[in-house]
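**Student:** Give me coordinates for this.
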Amino acid sequence: MKLTEVSVSRTIPAPADKVFDVWMDPKSPGGPWFGAERLILNPVVDGLFYLAVKHEGRTWPHYGRFLQINRPSLVEYTWMSDGTKGAESIVTVTMEPRGDETEVTLRHSGVPDDEMGRQHEGGWTWVLSKLAESLGSKRSTSSSD
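**Tutor:** Numbering: from 1, shown residues only. Just a heads-up that it's a prediction; the model follows:
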């Protein structure tokens, strides 16, 4: 099976520590775990997750384990789903400060180079958009002198 990598980036209007905290908190709207049909999440290195997402009339299970967690700059985990044909792929999320904003880059490597595999790009783009919307709406309105 031929494999590929999808990569998406987005500038988020919040500092890296806030972006990281939302990403890791399943109760925070905008994070990838929020709103799951079913979720088991142990966000520690070697901790496991199970994420069931309802999409297009069916439930899509996702499984993995955390490889690296370095607050506030990096989260890396394995990812297995129907979209990876059950093969273990790797999701790497980096958060780089850009002033009072954060450049979030998500690389998903080891996905099948087929239609289902490439659909991960759209899914991750949607996740980063939700993250930006969530943190953008909470942005401080105070002005600096």
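
**Student:** Near residue 5, how many other residues are there?
**Tutor:** For residue 5, the neighbour count with other C-beta atoms under 10 Å is 16. In short, each C-beta sits where N, CA and C put it, glycine included.

**Student:** Next, find the distance separating it from residue 12.
**Tutor:** 22 Å (C-beta to C-beta, to the nearest Å).

**Student:** Extract the CA atoms of the helix ranked longest in the chain and return them as PDB.
**Tutor:** The longest helix of the chain (DSSP state H) is helix 115-137. The C-alpha coordinates for helix 115-137 follow below in PDB (Å, rounded to 0.1, in the frame of the first residue of the first chain):
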ATOM      1  CA  GLU A 115      -9.300   8.800  -1.600                       C
ATOM      2  CA  MET A 116     -10.100   7.800   2.000                       C
ATOM      3  CA  GLY A 117      -6.500   8.700   3.100                       C
ATOM      4  CA  ARG A 118      -6.500  12.000   1.400                       C
ATOM      5  CA  GLN A 119      -9.800  12.900   3.000                       C
ATOM      6  CA  HIS A 120      -7.900  13.400   6.300                       C
ATOM      7  CA  GLU A 121      -6.700  16.700   4.900                       C
ATOM      8  CA  GLY A 122     -10.300  18.000   4.800                       C
ATOM      9  CA  GLY A 123     -11.000  16.600   8.200                       C
ATOM     10  CA  TRP A 124      -7.900  18.200   9.800                       C
ATOM     11  CA  THR A 125      -8.600  21.500   8.000                       C
ATOM     12  CA  TRP A 126     -12.100  21.500   9.600                       C
ATOM     13  CA  VAL A 127     -10.600  20.700  13.100                       C
ATOM     14  CA  LEU A 128      -8.200  23.600  12.800                       C
ATOM     15  CA  SER A 129     -11.000  25.900  11.600                       C
ATOM     16  CA  LYS A 130     -13.100  25.000  14.700                       C
ATOM     17  CA  LEU A 131     -10.000  25.600  16.900                       C
ATOM     18  CA  ALA A 132      -9.500  29.100  15.400                       C
ATOM     19  CA  GLU A 133     -13.300  29.900  15.800                       C
ATOM     20  CA  SER A 134     -13.300  28.700  19.400                       C
ATOM     21  CA  LEU A 135     -10.200  30.700  20.400                       C
ATOM     22  CA  GLY A 136     -11.000  33.700  18.200                       C
ATOM     23  CA  SER A 137     -14.300  34.200  20.000                       C
END
